[in-house]
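Colleague: sequence-free structure coming up:
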């Protein structure tokens, strides 16, 4: 399972994800992101695109081994965290 640290930044940066256009409040934040509790209000029923493991099984298994897919996703997560100056304790470490 992908080692998400629940920072919430992916849910706050959806403006360029076409599959999530209907979820965007207009500012890049998902309408189901709970900003007070920093979590997803529809987590159990969230779209496939929001589920790293499910997207690997559906599509990306053709292009990556699972560890490489996780590494690529972790890079994006960590870049967001650096950009927003999130505490380093949220960084995702894979293969270290």
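Modeller: Yes, it's here. Since the model is a prediction, treat every value here as computed from it, not as a measurement. Numbers count the residues shown, from 1 in each chain.
Colleague: in the helix or strand where residue 57 lies, what counts as buried?
Modeller: If you go by DSSP states H and E, residue 57 is part of helix 52-58. Neighbour counts over helix 52-58 (16 or more other Cβ atoms under 10 Å) mark 52, 55-56 as buried. Heads up, the C-betas are built off the backbone N, CA and C, glycines and all.
Colleague: tell me which strands and helices the helix or strand following it is in contact with?
Modeller: Downstream of helix 52-58, the next assigned helix or strand under DSSP H and E is helix 66-83. Contacts defined by 3 or more Cβ pairs under 8 Å, 6 or more residues apart in numbering; DSSP states H and E place helix 66-83 against helix 52-58.
Colleague: can you list contacts of the helix it packs on?
Modeller: The contact list for helix 52-58 (Cβ atoms under 8 Å, 6 or more residues apart in numbering) reads 1-2, 4, 48-49, 64, 66, 69-70, 73.
Colleague: okay if I get these as TSV plus pLDDT, neighbour count and distance to residue 13?
Modeller: Output for these, formatted as TSV (pLDDT from 0 to 100; neighbours: other Cβ atoms under 10 Å; distance: Cβ to Cβ, whole Å):
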residue	pLDDT	neighbour count	distance to residue 13
1	93	6	22
2	95	16	17
4	93	15	15
48	97	11	18
49	97	16	13
64	95	14	22
66	96	14	24
69	97	19	19
70	96	20	19
73	96	21	13
